[in-house]
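*Asks:* Starting from these lines, generate the structure:
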Amino acid sequence: MEPRFLPIGIQDFEDLRKRRCIYVDKTDRIYKLATEGKPYFLSRPRRFGKSLLLSTMEAYFLGKKELFTGLALEKLEKDWVEYPVLKISFGRGSYETKDKLLSVSDAILNEYERHFGIEKKSDNPSVRLSDLIMTASEQTGKQVVILIDEYDKPILDALYTEYEEQNRQELRNFYSPLKDLDKYIRFLFITGITKVSHINIFSGLNQLDDISLNKDFSSVCGISESELEQYFEPEIKVLAEEQDMTVPETKEMLASMYDGYHFTHDAEGVYNPFCLLKCFRERNFGSYWFESGTPSFLIKTLQNQPLFLASLINGRRVKEDGFKNYDPDSKNMLPVIYQSGYLTIKGFEKARRLYTLDFPNREIEEGFLNVLLKKFVNVPDDDMGLAIDNICGAIESHDIDRILSIIKAAIADLPTVVKKDMCENYYESVTHLIFRLTGFSVVSELQSVAGRSDVILTTKDSVFIFELKMDKGRAFEDVAAEALSQIDANGYADRFAVSGKAMYKVGVVFSSEGKGIAGWKSSVSRGHPAIES
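*Replies:* This is a model prediction of the structure:
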């Protein structure tokens with residue numbers, strides 16, 4: 001058997017093919033895009049293969065037929081034509097200031113001006129790009145292909161700073177020739193993490209075909225279940241042997257850890273390709289996406305809206321406009337969180353056109369919740385993992401006092417990023433967050449920022465029903481008793497009545513003065529075993 005090479009970190013299509021790496025063939029979709037349209041936009045999370053996709057397009061439009069031997073495009077394309085290609089990537093460098101953006105754009109333009117032998121006639125990036133496109137077309141007698149990768153990185157790097165707007169202005173100027181030079185352009189493809197709305201980064205390019213939620217291209221980046229089985233059967237078998245698992249068990253674990261991304265409703269889910277390939281190479285189920293770094297814009301988002309976590313950790317139902325475009329003037333950060341890959345489409349209500357967004361898989365859920373926990377809980381990083389383990393042990397031994405004592409210690413002090421009048425939402429959210437990290441089944445109802453939060457945690461032999469309340473100046477004993485009564489009055493335990501499991505009802509009271517947990521009361525009963533018919 002010939003050795004198989006995994007293309008981890010390889011973003012250049014020609015390099016990948018010459019190294020004889022495994023390549024999941026997406027070239028039929030590239031052909032469809034090239035023959036059916038012209039200006040496109042695609043939003044996908046980081047580490048999802050956007051750069052490799054553009055590199056593959058570059059090789060195709062440069063007419064490098066030999067690289068496509070054995071791929072779908074070899075049979076689909078009858079007339080291989082070499083076009084002039086401008087591949088512009090803002091993946092290089094960081095852009096915390098406008099000067100850094102100008103430096104990178106200058107370097108990109110210099111490179112292509114040298115390639116086409118163009119004399120620089122202006123310092124204005126817009127004028128230079130316009131001259132470059134027209135000259136390249138006139139020199140070759142063909143229209144120009146323009147591929148733009150990570151167009152939004154200069155915006156995300158400067159998020160919530162004075163340079164965010166400056167960078168948007170510079171990008172708007174840089175891209176402005178694209179609308180007036182349509183006759184010189186054969187194909188335009190733009191990728192990024194977010195789609196920035198209403199500020200006209202691509203001024204006048206209203207005809208851009210956004211395929212981010214298009215079913216035909218939902219797996220143009222990433223690896224589908226069918227592709228996993230088609231291309232990686234040997235790697236799955238090796239992983240199964242290493243982990244002492246069966247092949248079906250291994251596939252189930254792979255899906256749990258790295259699958260679950262849906263970029264439209266009613267479409268096959270896809271795996272994060274970077275994590276999947278890393279898992280195969282390491283032969284271990286690691287958290288590779290977060291190990292590769294937590295984007296700075298995520299931390300900035302959490303700092304800017306510290307209580308946004310409440311609407312993230314319980315599933316979010318929203319209209320398409322609520323997560324499709326990022327509006328810098330809005331406080332809605334859902335588009336950034338969704339498009340960055342921390343949430344994905346998990347359900348769709350056709351009649352009302354409502355999408356349900358939630359974590360795609362275990363790796364993302366655990367990694368994201370840990371980022372949140374480190375941000376909002378005043379416990380040293382190295383101690384928090386131990387605290388979660390201790391909570392798990394207390395849950396398994398049904399020790400309510402131990403569970404809540406650990407949580408009480410973790411949230412004893414209100415973080416400086418949370419205002420005192422917002423502590424109710426903070427306590428509800430962080431309590432739920434901690435329970436989610438235990439790995440047990442947790443459901444919760446957070447109907448409004450200031451509303452009731454009921455946390456229901458289930459194990460193989462027990463059900464824990466937590467009613468969370470603020471003391472509002474009252475004695476915690478009275479409030480806790482009221483919480484227990486509410487659990488019974490609202491019938492929270494009814495659905496578990498025939499489970500035969502022990503049911504623990506807990507009323508938890510928080511200090512409205514921001515002093516953490518004021519106290520709790522609990523009761524225990526046992527459900528009735530289901531009657532066999």
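*Asks:* can you tell me how far the closest residue to V270 other than its chain neighbours sits from F496?
*Replies:* Of all residues not flanking V270 in the chain, G222 sits nearest, at 3.3 Å (CB to CB, 6 or more residues apart in numbering). Backbone N, C-alpha and C define where each C-beta goes, glycine included. For G222, the distance to F496 equals 38 Å [CB to CB, to the nearest Å].
*Asks:* ok, these two, which is more surrounded?
*Replies:* G222 (25 against 18; other CB atoms under 10 Å).
*Asks:* residues contacting the more buried one?
*Replies:* Neighbouring residues of G222 by CB atoms under 8 Å, 6 or more residues apart in numbering: R44, F48, G49, Y261, V270, Y271, N272, P273.
*Asks:* what's the farthest-apart pair in these?
*Replies:* R44 and Y271 (13.0 Å; CB to CB).
*Asks:* can you list contacts of the host helix or strand of A255?
*Replies:* If you go by DSSP states H and E, A255 is part of helix 247-258. Under the criterion CB under 8 Å, 6+ apart, residues 225, 228, 236-237, 239-240, 243, 245, 271-272, 275-276, 279, 285, 361-363 lie in contact with helix 247-258.
*Asks:* before we move on, the earlier item: could I get the contacts of G222 in JSON lines, plus columns for neighbour count, secondary structure and pLDDT?
*Replies:* Formatted as JSON lines, the contacts of G222 follow (neighbours: other CB atoms under 10 Å; DSSP: H, G, I helix; E, B strand; the rest coil; pLDDT from 0 to 100):
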{"residue": "R44", "neighbour count": "22", "secondary structure": "coil", "pLDDT": "93"}
{"residue": "F48", "neighbour count": "26", "secondary structure": "coil", "pLDDT": "93"}
{"residue": "G49", "neighbour count": "23", "secondary structure": "coil", "pLDDT": "93"}
{"residue": "Y261", "neighbour count": "25", "secondary structure": "strand", "pLDDT": "95"}
{"residue": "V270", "neighbour count": "28", "secondary structure": "strand", "pLDDT": "95"}
{"residue": "Y271", "neighbour count": "27", "secondary structure": "strand", "pLDDT": "96"}
{"residue": "N272", "neighbour count": "29", "secondary structure": "coil", "pLDDT": "94"}
{"residue": "P273", "neighbour count": "20", "secondary structure": "helix", "pLDDT": "95"}
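*Asks:* for the stretch 1-150 of the chain, what are the low-confidence residue spans?
*Replies:* By pLDDT under 70, the low-scoring segments of the stretch 1-150 of the chain are 1-2.
*Asks:* Can you tell me which helix or strand of the chain has the lowest average pLDDT?
*Replies:* Least confident helix or strand of the chain, by mean pLDDT, DSSP states H and E, is helix 296-304 with a mean of 68.
*Asks:* Now the element after that one, going C-ward?
*Replies:* Using DSSP H and E, the first helix or strand after helix 296-304 is strand 316-318.
*Asks:* Give me the mean pLDDT for the very next helix or strand once past that following strand.
*Replies:* Using DSSP H and E, the helix or strand that follows strand 316-318 in sequence is helix 321-324. Average pLDDT, helix 321-324: 83.
*Asks:* counting contacts, what elements does the helix or strand following helix 321-324 pack onto?
*Replies:* Using DSSP H and E, the next helix or strand after helix 321-324 towards the C-terminus is helix 334-339. When contacts are defined as 3 or more CB pairs under 8 Å, 6 or more residues apart in numbering; DSSP states H and E, helix 334-339 sits against helix 296-304, helix 321-324.
*Asks:* For the residue nearest to L334 when sequence neighbours are not counted, list the residues it contacts.
*Replies:* Using CB to CB, 6+ apart and skipping the chain neighbours, the partner closest in space to L334 is F323 (4.9 Å). Shown in contact with F323 (CB under 8 Å, 6+ apart): L334, P335, Y338, Q339, L343, Y355, L357.
*Asks:* does L239 really touch F280, like I thought?
*Replies:* Yes: using CB atoms under 8 Å, L239 makes contact with F280 at a distance of 6.2 Å.
*Asks:* out of the two, which sits in the busier spot?
*Replies:* Legend: neighbour count by other CB under 10 Å for L239 and F280, higher for L239 (23 against 20).
*Asks:* Under a three-state scheme, what state does that one occupy?
*Replies:* Of the three states, L239 takes helix under DSSP: H, G, I helix; E, B strand; the rest coil.
*Asks:* Could you list the low-pLDDT ranges of the stretch 201-350 of the chain?
*Replies:* For the stretch 201-350 of the chain (pLDDT under 70), the answer is 201-206, 293-297, 299, 301-315, 328, 331.
*Asks:* I appreciate the help and will end here.
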